[in-house]
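> could you work out the structure for the sequence below:
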Amino acid sequence: MSTEKQFKIPAGVELETIACPMGCPEGDDLVLVGRDRLHDLPGEFPVVRCQHCGLMRTNPRPTSETIGFYYPDDYGPYQGTQVTNSRWYSISQMLRKFVNVILPTHACLLPDLTAGRMLEVGCASGKFLHEMARKGWQVHGIEFSDSAAASARLLGYPVTTGQVESVADFEEPFDLVVGWMVIEHLHHPVEALTKLYNWTRSGGWLAISVPNAGSAEFRIFKENWYALHLPAHLSHFTPETMRKMLTAAGWSVERIQHQRTLTNLIMSANYWVAERFPDSFLSKMTGWIAKKQRYLNLALYPLSTLLSFFGQTGRMTVLARKPE
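Okay, the predicted model is just below:
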C-alpha cells in the first residue's frame, strides 16, 4: 500500500512509516482511515493489514516522541485507575466484588497463583497494583505518563516512568507480568514482549488483555469501532495474530479468554449514531445509554456470554507462560 497520501496531522506531531513488526516482506492492504474519537483531537490515521501475517497496524503513526499529544492528563485510563481512601471508594469496591461474579475483572481472569513478584506494564495510576499488593504480591509498575506514574508512587509502589522498550532490566525475575489494554499501544510490541519474557522466571506467567479486532464488532463498525482508539492503538490484534506475536517473542500461549462484556459494542453504536445523526434526539439517547453502559452490560449478560463463547466479544485476555 502506498503511504504517499497526506493525512491531516496537527503541528508538533511527527509521523513515521513502519514495516510489519513481525518482520514480514513488504505488502499491506488499506483497511480504513480513522481519527481520535475519545478526545476528538485532530488527525487522520490509516490502518493497514499485512498481506503475509495478517497483523493490522496504524501506519503511518505518530512517533514515540510525539504521540504524547494523544495522551492528555484527563485520558480515561489515568482517571479510571485512581485509588482513594474515601468511604465511597470502599463501598464501590464491595459492589464491584458482587458485579465481578458476572463481569470478571482482570484479576479474576488470572490463573490461581501463589503471591510472588508481579510487574504491571502500563499501570496507570496504580489501581491494579494496589489490588494485588493487598493480596500479598510484591508489585512493580511501568507507566508512560509522568502524572499517572506519580499517582501510583503516592500509594507507595515502585513505578518506572517510560516505555517498556527503553526501561532498564530488573535485578530479579518476576513470577507474573500483566498488561491490561497496553500491548496495542506499544511502538515495538515484539521487542517489548521479548523483554518481558526475559524479565520473567522460568515457568512464570504473562497475562495481557487487548481489543479483539477479529470480532464481529470490528467488522460492523470499522472506523467507528470504540476499541480502534486511533492513533493511540498502534496494533490491532485478532486471536490469531496475537498468538503469532507471542510465539515470536518466546511465549507459550496457554489460553485465550473472550471477556463477557459488550462495552465496545455499546460505545461503538453511540459513535455510529453521533456521526450520522448529530444533535438529534437519537444521538442524545445513545449518548445517555453510553454513559450507563455498565448497567446495560449487566442486562445484556446472556448475550455477552453467548458472543464470548463464539469468540465474538471485543476484548480478550491472553494467558501465556515462559517454558520451564
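> only C-alpha atoms from now on, for both contacts and neighbour counts.
Noted.
> now do the strands in the stretch 101-250 of the chain.
Along the stretch 101-250 of the chain, the segments classed as strands by DSSP state E, counting those that start in this stretch run 117-121, 138-143, 159-161, 174-180, 200-211, 235-236.
> winner for burial among these?
strand 235-236 (a mean of 28; mean count of other C-alpha atoms under 10 Å).
> helices or strands up against it?
strand 56-58 (3 or more C-alpha pairs under 8 Å, 6 or more residues apart in numbering; DSSP states H and E).
> which outside residues touch the strand it packs on?
20, 45-50, 230-231, 233-237 (C-alpha atoms under 8 Å, 6 or more residues apart in numbering).
> partner strands of that strand, with direction?
Strand 56-58 pairs in its sheet with strand 44-50 (antiparallel), strand 235-236 (antiparallel), by DSSP bridges.
> out of these, which gets nearest to L15?
strand 44-50 (9.8 Å; C-alpha to C-alpha).
> contacts for that closest one, please.
By C-alpha under 8 Å, 6+ apart, strand 44-50 touches 7-9, 20, 24, 27-36, 55-61, 230-231.
> list the buried residues in that strand.
For strand 44-50, the neighbour count (16 or more other C-alpha atoms under 10 Å) marks E44, F45, P46, V47, V48, R49, C50 as buried.
> how close does H258 get to P21?
25 Å (C-alpha to C-alpha, to the nearest Å).
> which one's more surrounded, these two?
Per other C-alpha atoms under 10 Å, whichever of H258 and P21 has more neighbours is H258, with 25 against 16.
> what pLDDT, on average, does stretch 148-163 get?
For stretch 148-163, mean pLDDT is 94.
> before we move on, what about stretch 41-60?
97.
> distance between it and the chain's centre?
Remark: stretch 41-60 is offset 16 Å from the chain centroid, using C-alpha atoms, centre = their mean, to the nearest Å.
> again with stretch 185-195
Distance, centroid of stretch 185-195 to centroid of chain: 13 Å (C-alpha atoms, centre = their mean).
> what's the average pLDDT for it?
On average, stretch 185-195 scores 97.
> contacts for that stretch, please.
Residues contacting stretch 185-195 (C-alpha under 8 Å, 6+ apart): 21-22, 64, 163-165, 183, 232-235, 245-246, 248-250.
> likewise for stretch 295-313?
Against stretch 295-313 from outside (C-alpha under 8 Å, 6+ apart): 102-103, 212, 214-217, 258-263, 289.
> stretch 18-35 now?
1, 41-53, 55, 57, 59-60, 188-190, 222-224, 229-231, 245, 248.
> just the buried ones from those residues?
Here, 16+ other C-alpha under 10 Å leaves 43-51, 53, 55, 57, 59-60, 188-190, 222-224, 229-231, 245 buried among the contacts of stretch 18-35.
> start and end of stretch 207-216, how far apart?
Stretch 207-216: ends 24 Å apart by C-alpha to C-alpha.
> list the contacts of it.
Against stretch 207-216 from outside (C-alpha under 8 Å, 6+ apart): 110, 176-184, 218, 227, 236-239, 311-320.
> same check, this time on stretch 166-180
106, 116-123, 160, 196, 199-201, 203-210.
> hmm, 7 Å instead?
For stretch 166-180, the surrounding residues in contact (C-alpha atoms under 7 Å, 6 or more residues apart in numbering) are 116-122, 199-201, 204-209.
> can you redo the strands paired with strand 56-58 as TSV with distance to R294?
Output for the strands paired with strand 56-58, formatted as TSV (distance: least, C-alpha to C-alpha, whole Å):
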stretch	distance to R294
strand 44-50	29
strand 235-236	24
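> among these, which comes closest to F281?
It's strand 44-50; of the strands paired with strand 56-58, that one is closest to F281 (C-alpha to C-alpha) at 28.1 Å.
> contacting residues for N59?
T17, I18, P46, V47, V48.
> I should have written V121 there, sorry.
Per C-alpha under 7 Å, 6+ apart, neighbours of V121: G141, I142, E143, V178, G179.
> adding pLDDT and distance to L282, write these out as JSON lines.
As requested, the contacts of V121 are exported to JSON lines (pLDDT from 0 to 100; distance: C-alpha to C-alpha, whole Å):
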{"residue": "G141", "pLDDT": "97", "distance to L282": "42"}
{"residue": "I142", "pLDDT": "97", "distance to L282": "41"}
{"residue": "E143", "pLDDT": "95", "distance to L282": "39"}
{"residue": "V178", "pLDDT": "97", "distance to L282": "39"}
{"residue": "G179", "pLDDT": "96", "distance to L282": "36"}
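> so which of those would you say is closest to H130?
Nearest to H130 among the contacts of V121, with distances taken as C-alpha to C-alpha, is G141, at 10.7 Å.
> so the closest one touches T161, yeah?
No - G141 lies out of contact with T161 (C-alpha atoms under 7 Å); the separation is 8.5 Å.
> residue contacts, Y271?
Contacts of Y271 by C-alpha under 7 Å, 6+ apart are N224.
> is it in a helix, a strand, or coil?
helix (DSSP: H, G, I helix; E, B strand; the rest coil).
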